[in-house]
Structures are given as structure tokens and as C-alpha cells.
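> 3D, please:
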Amino acid sequence: MDIDTMRDLLRESLNAHPVIDSVSEIEEGASDQRVIGTETTDGTLFYVVIQES
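Alright, predicted model coming up:
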């Protein structure tokens, strides 16, 4: 599975959860990683980094 497919599947999974308010991609510029920023309905922010090994 390539890194972009993995990112898309993760974004879809997060968006399906009722406590997640928004999911967005964060541009990092690294070709071997993708970063997803997430905000919950109570305003908590967290980031998920997907990195190819």
C-alpha cells in the first residue's frame, strides 16, 4: 500500500467518528511522510504522521 492510499484511508476512518470535527492535510514537504491534523468536537487538536520506512 502506498503512503497516499494509507493517508486517505486514515482520513476516511477519522472523519467517520462522531467526535472528530475536522481532518485536514498538513503540508510538510517531505516526500516520505504525510501529516494529518485533526480537531475533535471539544476543540482538542492532534496530528498523525504517516511515514514510509
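> would you list the phi and psi of the most centrally placed residue in the chain?
In the chain, the centroid-proximal residue (C-alpha atoms, centre = their mean) is Ile36; its distance is 2.7 Å. Note on Ile36: backbone dihedrals following degrees, to the nearest 10 are phi -120, psi 130.
> tell me who's in contact with it.
Counting by C-beta atoms under 8 Å, 6 or more residues apart in numbering, Ile36 makes contact with Arg7, Leu10, Arg11, Leu14, Val23, Ser24, Glu25, Ile26, Tyr47, Val48, Ile50. Backbone N, C-alpha and C define where each C-beta goes, glycine included.
> nearest to Asp32 among these?
Nearest to Asp32 out of these is Ile50 (C-beta to C-beta; 9.6 Å).
> taking the contacts of Ile36, please make a ChimeraX selection of just the buried ones.
Buried residues among the contacts of Ile36 (16 or more other C-beta atoms under 10 Å), as a ChimeraX selection:
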select :7,10,11,14,23
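> among the contacts of Ile36, which lie within strands?
Judged by DSSP state E, the contacts of Ile36 include Val23, Ser24, Glu25, Ile26, Tyr47, Val48, Ile50 as members of strands.
> what is the nearest of those to Ile3?
Checking these against Ile3 by C-beta to C-beta gives Ile50 as the nearest, at 6.1 Å.
> how about the closest one: what's its closest non-neighbour residue?
Nearest non-adjacent residue to Ile50, counting by C-beta to C-beta, 6 or more residues apart in numbering: Arg34, 4.7 Å away.
> distance check, the closest residue to Pro18 other than its chain neighbours against Ser24.
Of all residues not flanking Pro18 in the chain, Thr41 sits nearest, at 7.9 Å (C-beta to C-beta, 6+ apart). For Thr41, the distance to Ser24 (C-beta to C-beta, to the nearest Å) stands at 15 Å.
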